[in-house]
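1. just coords:
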């Protein structure tokens, strides 16, 4: 029989509670139900605890005692699929230290709001919301607690630069004219930076523009559109043409992802989809960078995009300084943070202002949101002056601009991009199989006026000069048809491999190796093969797919989900402490119960039982050497974690003590640290503070 999902979750909670170590199990039972009488039955005790949680008064008080931090962590547990302690630590990196997060989560588990359960498929220990409290907490838990709405203290009205087809096309023109623009490490040469500055700035050095262009080079190399040759960077026109046919929004997403380095194709596609979904989920007012990283984290977990890759990708992530601080925000986010940084550099995300905490808020550029899927038509955006200077206004897609700019040199990029048609640029286009007829056709197609006659004459002269001498390298087939047989160019086996007819009966073939050449001759029925000169062929490429938004957190639509009233349990805490003061119990018992009130474990006066308190030394400081040893011994016996602070360091370490080696004048504790599980030996005498963390819930 299949159980109702909620009933199944309640069964899982009971099973999880029953499997707690006895010491911690009975500690929790005593805190809520009082002293346990023997003989006892664990299942009966768990049922009584469930009844305690279900009482309306207790649920009401539990909600009153929730603060914003509690609700933020509970929301994370709810909205991160199959959340583990490690995922929570990653999500809250930069917000909570691991030690502080550990204590917050442990406190929520002591308050019976969260619990641990083992995933039956993977065996991973998952954190979940107590199913007995799901309906009670539902009005107060929302994704908007994780992705808070922006409240501006200052707004920027101006929308800055955003990458566009003219920008990309002008850079392609520059790259064709400057194949040696980069050093061996892929960065621009000093001379190139000066030339780029002339084209892309107003005379002053623009570091943001230089960074943007460097990212563009990185992306184009990673996409295989640029590749290195002996002469420098070469543009793969087949890949470029394929890339240019993608919708503009998709082009920019791929550029942002590829700008971080060479990723495997699968990783590239998955992360491009993730970035596309993330941008679609950003509300008009935008988010801070940290919230953007959280958004990406949530979408990644929801969609199952892998966080890492082995092999070359993993080595690249580990070695690349471009990945900044991979622990600076929503964990595992070093790579995604680079995507966000690239979006900012390319202007897809822009500085929309400052929030109340004086943090920069980034919104999706309206230019990005308003981009058409394709720019069509034959817009008359081009003008040519007598000096062969070409001005191109916005209005053409990248696919339309590429055939134009291959026979021009980039002069100045601005709202209107300026190019120059000169002999060197036109000859370069002839090398790319462009013809004068094609050049004239393109210019006429987008120009408001007729092509200047002197320009037409110059291009024709340049072509005649170019065509008068040809240098070929490749497999050449020479066939003499003395027997009157079928001409080679009409032979169905040979014709598909003919790249160019050099002369009657002389053909340049698209063959890449000797074996292919011999096989072609054999199949065609020819008896001989000509001399080898090689003909370069373009290998087939797997085109990048279009990317549609397939997942969004629909942030704006959920703004009304969270209950707006602010919980305030201060009156309840005051009343409980007043009741505690009137109890005739020992000072130690009062101290223990007051600690429970402060930890928000006491929900009603009935729980104020002095007999339920078991006093234990949990923390030792400074010179209390024996106290520190006691705390460590207790943690090892009960399999608890400890929190340590050491001389000369502000870091708070959290981990499980696995070995304590005592010497005459000191002791060394070996600790398995969280979250990376590294092992470290720490001097007990040198530790300024050692604290045993309550319970063993997280292990």
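-> Arrived safely. These figures come from a predicted structure and were not determined experimentally.
2. From here on, just use CA atoms for contacts and neighbour counts.
-> OK.
3. Quick check, residue 652 in contact with residue 643.
-> Yes. A contact is recorded between residue 652 and residue 643 when judged using C-alpha atoms under 8 Å, the distance being 6.8 Å.
4. Which residues are in contact with each of those two?
-> For the pair residue 652 and residue 643, residues contacting each of them under the criterion C-alpha atoms under 8 Å, 6 or more residues apart in numbering are residue 99.
5. Those two: who's more crowded?
-> It is residue 643, of residue 652 and residue 643, that has more neighbours when counted by other C-alpha atoms under 10 Å, with 19 against 15.
6. Next, the contact list for residue 499, please.
-> Applying C-alpha under 8 Å, 6+ apart, one finds that residue 499 lies in contact with 507-510.
7. closest to residue 233 among these?
-> For residue 233, the closest of those turns out to be residue 510, at 23.1 Å, with distances computed as C-alpha to C-alpha.
8. That closest one: neighbour count?
-> Residue 510 has 21 nearby residues by other C-alpha under 10 Å.
9. so what's the backbone phi/psi at it?
-> Backbone geometry at residue 510, expressed as degrees, to the nearest 10, gives phi -90, psi 60.
10. gap between it and residue 499?
-> Here the criterion is C-alpha to C-alpha, to the nearest Å. By it, residue 510 lies 6 Å from residue 499.
11. From the contacts of residue 499, which land in strands?
-> Applying DSSP state E to the contacts of residue 499, the entries found in strands are 507-509.
12. could I get those residues as a markdown table with neighbour count?
-> As requested, the ones in strands among the contacts of residue 499 are arranged in a markdown table below (neighbours: other C-alpha atoms under 10 Å):
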| residue | neighbour count |
| --- | --- |
| 507 | 23 |
| 508 | 22 |
| 509 | 24 |
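13. Spell out the residue ranges of the strands in the stretch 201-350 of the chain.
-> 226-229, 232-235, 287-288, 349-355 (DSSP state E, counting those that start in this stretch).
14. ok, residue 174 - contacts?
-> If a contact means C-alpha under 8 Å, 6+ apart, then residue 174 has 409-410 as its contacts.
15. now residue 240, nearest residue through space, not along the chain?
-> The shortest distance from residue 240 to any non-neighbouring residue, by C-alpha to C-alpha, 6 or more residues apart in numbering, is to residue 225 (5.6 Å).
16. Where do the domain boundaries of this structure fall?
-> 1-141+562-604, 165-369, 382-468, 475-524, 619-692 (automatic domain parsing).
17. if you average pLDDT over the shortest one, what comes out?
-> Read that as domain 475-524. Here the mean pLDDT over domain 475-524 is 77, rounded to a whole number.
18. Next: stretch 454-469.
-> Model confidence over stretch 454-469, given as mean pLDDT, is 89.
19. What are the contacting residues of that stretch?
-> Counting by C-alpha under 8 Å, 6+ apart, residues outside stretch 454-469 touching it are 388, 423, 426-427, 430, 435-436, 440.
20. Just give the number of residues close to residue 37.
-> 7.
21. so how far is residue 29 from it?
-> The span separating residue 37 from residue 29 equals 11 Å under the rule C-alpha to C-alpha.
22. Repeat that for residue 568.
-> In this structure, residue 568 lies at 26 Å from residue 29, with C-alpha to C-alpha as the measure.
23. With neighbour numbers in mind, choose between those two.
-> For residue 568 and residue 29, the more surrounded residue by other C-alpha under 10 Å is residue 29, and the numbers stand at 18 against 14.
24. Helix or strand: which one has residue 458?
-> Assigned by DSSP states H and E, residue 458 belongs to helix 453-468.
25. Mind listing what's buried along that helix?
-> Judged by neighbour count using 16 or more other C-alpha atoms under 10 Å, the buried positions of helix 453-468 are 455, 459, 462-463.
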